[in-house]
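*Asks:* Here's a sequence, model it:
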Amino acid sequence: MTAKWHQTNYRVPYKDTDRMGVVHHGNYINWFEMARTECMRHYGVAYSHVEERGFLLPVLGVECDYKQSATFDDCIAIYTKITDYSPIKLTFAYEARKISEENFTTTHNQIVIEPTGELITSGITKHMWVNQDFKPTRLERSAPDLYRVLEKFGEKE
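*Replies:* This next block holds a predicted model:
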(Lines give C-alpha, C1' and ligand atoms only; values in the text may rest on other atoms or scores of the structure.)
Protein backbone atom coordinates (compact mmCIF):
# COMPACT_ATOMS: atom_id res chain seq x y z
CA MET A 1 0.00 0.00 0.00
CA THR A 2 1.26 3.46 -0.83
CA ALA A 3 0.42 6.09 1.76
CA LYS A 4 -1.43 9.14 0.55
CA TRP A 5 -0.37 12.68 1.35
CA HIS A 6 -2.30 15.00 3.64
CA GLN A 7 -2.23 18.65 2.51
CA THR A 8 -2.07 21.56 4.97
CA ASN A 9 -1.92 25.07 3.50
CA TYR A 10 0.06 27.91 5.02
CA ARG A 11 0.61 31.51 3.90
CA VAL A 12 4.10 32.70 4.85
CA PRO A 13 3.87 35.47 7.47
CA TYR A 14 6.48 38.19 7.71
CA LYS A 15 7.68 36.79 11.07
CA ASP A 16 8.93 33.62 9.30
CA THR A 17 11.37 35.56 7.11
CA ASP A 18 14.90 36.68 7.86
CA ARG A 19 16.83 39.83 6.95
CA MET A 20 17.34 38.50 3.43
CA GLY A 21 13.58 38.32 2.93
CA VAL A 22 13.40 34.54 2.75
CA VAL A 23 11.92 32.02 5.17
CA HIS A 24 14.48 31.25 7.87
CA HIS A 25 15.63 27.63 7.59
CA GLY A 26 14.49 26.72 11.11
CA ASN A 27 10.87 27.60 10.33
CA TYR A 28 10.47 24.62 8.03
CA ILE A 29 10.74 22.32 11.05
CA ASN A 30 7.88 24.27 12.66
CA TRP A 31 5.88 23.88 9.45
CA PHE A 32 6.50 20.12 9.54
CA GLU A 33 5.21 19.97 13.11
CA MET A 34 2.09 21.96 12.26
CA ALA A 35 1.36 19.77 9.22
CA ARG A 36 2.04 16.55 11.17
CA THR A 37 -0.43 17.63 13.87
CA GLU A 38 -3.09 18.42 11.26
CA CYS A 39 -2.46 15.17 9.41
CA MET A 40 -2.90 13.13 12.58
CA ARG A 41 -6.02 15.11 13.49
CA HIS A 42 -7.44 14.43 10.01
CA TYR A 43 -7.10 10.70 10.67
CA GLY A 44 -8.80 10.99 14.07
CA VAL A 45 -5.64 10.96 16.20
CA ALA A 46 -5.38 14.42 17.77
CA TYR A 47 -2.16 14.89 19.75
CA SER A 48 -4.14 16.20 22.70
CA HIS A 49 -6.14 12.95 22.88
CA VAL A 50 -2.98 10.86 22.53
CA GLU A 51 -1.45 12.72 25.48
CA GLU A 52 -4.67 12.41 27.51
CA ARG A 53 -4.33 8.65 27.09
CA GLY A 54 -0.81 8.76 28.53
CA PHE A 55 1.29 8.58 25.37
CA LEU A 56 3.93 10.97 24.05
CA LEU A 57 5.61 11.02 20.65
CA PRO A 58 9.00 12.74 21.01
CA VAL A 59 11.14 13.49 17.98
CA LEU A 60 14.18 11.22 17.60
CA GLY A 61 15.55 12.84 14.45
CA VAL A 62 14.87 15.43 11.77
CA GLU A 63 16.13 15.69 8.21
CA CYS A 64 15.45 18.68 6.01
CA ASP A 65 16.58 19.17 2.42
CA TYR A 66 16.29 22.74 1.13
CA LYS A 67 15.60 23.07 -2.60
CA GLN A 68 14.77 26.77 -2.92
CA SER A 69 13.53 29.71 -0.90
CA ALA A 70 10.06 30.74 0.11
CA THR A 71 9.32 34.40 0.83
CA PHE A 72 6.77 36.55 2.62
CA ASP A 73 3.15 35.98 1.51
CA ASP A 74 3.93 32.88 -0.57
CA CYS A 75 1.16 30.29 -0.62
CA ILE A 76 2.58 27.01 0.63
CA ALA A 77 1.13 23.51 0.79
CA ILE A 78 2.83 21.22 3.29
CA TYR A 79 2.23 17.59 2.37
CA THR A 80 2.62 14.95 5.07
CA LYS A 81 2.44 11.17 5.15
CA ILE A 82 3.46 8.28 7.36
CA THR A 83 6.29 6.48 5.58
CA ASP A 84 7.21 3.87 8.16
CA TYR A 85 5.86 2.63 11.45
CA SER A 86 6.29 -0.12 13.98
CA PRO A 87 4.70 -0.71 17.38
CA ILE A 88 7.38 1.57 18.86
CA LYS A 89 8.48 4.03 16.14
CA LEU A 90 6.85 6.29 13.57
CA THR A 91 8.31 8.19 10.60
CA PHE A 92 6.69 11.05 8.69
CA ALA A 93 7.74 12.51 5.32
CA TYR A 94 7.06 16.10 4.29
CA GLU A 95 7.15 18.23 1.17
CA ALA A 96 6.65 21.98 1.35
CA ARG A 97 5.62 23.35 -2.06
CA LYS A 98 4.69 26.74 -3.47
CA ILE A 99 1.17 26.70 -4.87
CA SER A 100 -0.95 29.27 -6.67
CA GLU A 101 -3.32 31.63 -4.89
CA GLU A 102 -6.22 29.79 -6.55
CA ASN A 103 -5.04 26.40 -5.28
CA PHE A 104 -4.43 27.88 -1.85
CA THR A 105 -8.03 29.04 -1.53
CA THR A 106 -9.65 25.93 -3.01
CA THR A 107 -7.55 23.14 -1.45
CA HIS A 108 -6.79 22.55 2.22
CA ASN A 109 -6.88 19.72 4.71
CA GLN A 110 -7.34 17.14 2.02
CA ILE A 111 -5.83 13.82 0.99
CA VAL A 112 -3.99 13.64 -2.34
CA ILE A 113 -2.16 10.91 -4.23
CA GLU A 114 0.76 13.13 -5.28
CA PRO A 115 1.88 16.58 -4.09
CA THR A 116 1.59 19.45 -6.55
CA GLY A 117 3.37 22.78 -6.76
CA GLU A 118 6.98 23.87 -6.82
CA LEU A 119 9.10 21.91 -4.32
CA ILE A 120 10.72 24.16 -1.70
CA THR A 121 11.78 21.75 1.03
CA SER A 122 11.44 18.06 1.82
CA GLY A 123 12.19 16.20 4.99
CA ILE A 124 11.39 13.53 7.51
CA THR A 125 10.89 13.27 11.25
CA LYS A 126 11.36 10.10 13.28
CA HIS A 127 9.46 9.55 16.52
CA MET A 128 9.10 7.00 19.31
CA TRP A 129 5.98 6.13 21.30
CA VAL A 130 6.65 6.55 25.01
CA ASN A 131 4.58 6.62 28.18
CA GLN A 132 4.42 9.50 30.69
CA ASP A 133 7.70 8.24 32.23
CA PHE A 134 9.37 8.48 28.81
CA LYS A 135 9.71 4.69 28.63
CA PRO A 136 9.17 3.16 25.17
CA THR A 137 5.76 1.59 24.81
CA ARG A 138 4.45 -0.89 22.27
CA LEU A 139 1.46 0.85 20.75
CA GLU A 140 -0.19 -2.30 19.38
CA ARG A 141 -0.47 -3.58 22.98
CA SER A 142 -1.16 -0.35 24.88
CA ALA A 143 -3.43 1.33 22.32
CA PRO A 144 -4.43 -1.11 19.57
CA ASP A 145 -7.00 1.35 18.17
CA LEU A 146 -4.25 3.93 17.53
CA TYR A 147 -2.01 1.31 16.01
CA ARG A 148 -4.80 0.28 13.61
CA VAL A 149 -4.91 3.89 12.36
CA LEU A 150 -1.20 3.66 11.52
CA GLU A 151 -1.75 0.36 9.74
CA LYS A 152 -4.59 1.84 7.71
CA PHE A 153 -2.90 5.06 6.58
CA GLY A 154 0.84 4.37 6.82
CA GLU A 155 3.17 2.46 4.58
CA LYS A 156 5.97 0.08 5.44
CA GLU A 157 9.39 0.62 3.91
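*Asks:* Would you mind listing the residues in contact with the nearest residue to Ile99 once chain neighbours are set aside?
*Replies:* The spatially closest residue to Ile99, leaving aside those adjacent along the chain, is Gly117, at 4.0 Å (C-beta to C-beta, 6 or more residues apart in numbering). The way it works is simple: take the backbone N, C-alpha and C, and place the C-beta from them, glycine included. Counting by C-beta atoms under 8 Å, 6 or more residues apart in numbering, Gly117 touches 77, 97-100, 103.
*Asks:* Tabulate the residues you listed (JSON lines), appending distance to Leu90 and neighbour count.
*Replies:* Formatted as JSON lines, the contacts of Gly117 follow (distance: C-beta to C-beta, whole Å; neighbours: other C-beta atoms under 10 Å):
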{"residue": "Ala77", "distance to Leu90": "22", "neighbour count": "25"}
{"residue": "Arg97", "distance to Leu90": "23", "neighbour count": "21"}
{"residue": "Lys98", "distance to Leu90": "28", "neighbour count": "19"}
{"residue": "Ile99", "distance to Leu90": "27", "neighbour count": "20"}
{"residue": "Ser100", "distance to Leu90": "32", "neighbour count": "13"}
{"residue": "Asn103", "distance to Leu90": "29", "neighbour count": "17"}
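*Asks:* Sort out for me which of those residues are in helices.
*Replies:* Secondary structure from DSSP state H places Asn103 of those in helices.
*Asks:* Rank the contacts of Gly117 by pLDDT and give me only the lowest.
*Replies:* Among the contacts of Gly117, Asn103 carries the weakest pLDDT, at 91.
*Asks:* re earlier: gap between the residue nearest to Ile99 and Asn103?
*Replies:* For Gly117, the distance to Asn103 (C-beta to C-beta, to the nearest Å) stands at 7 Å.
*Asks:* what about the protein, any weak spots by pLDDT?
*Replies:* In the predicted model of the chain, residues 1-2, 155-157 satisfy pLDDT under 70.
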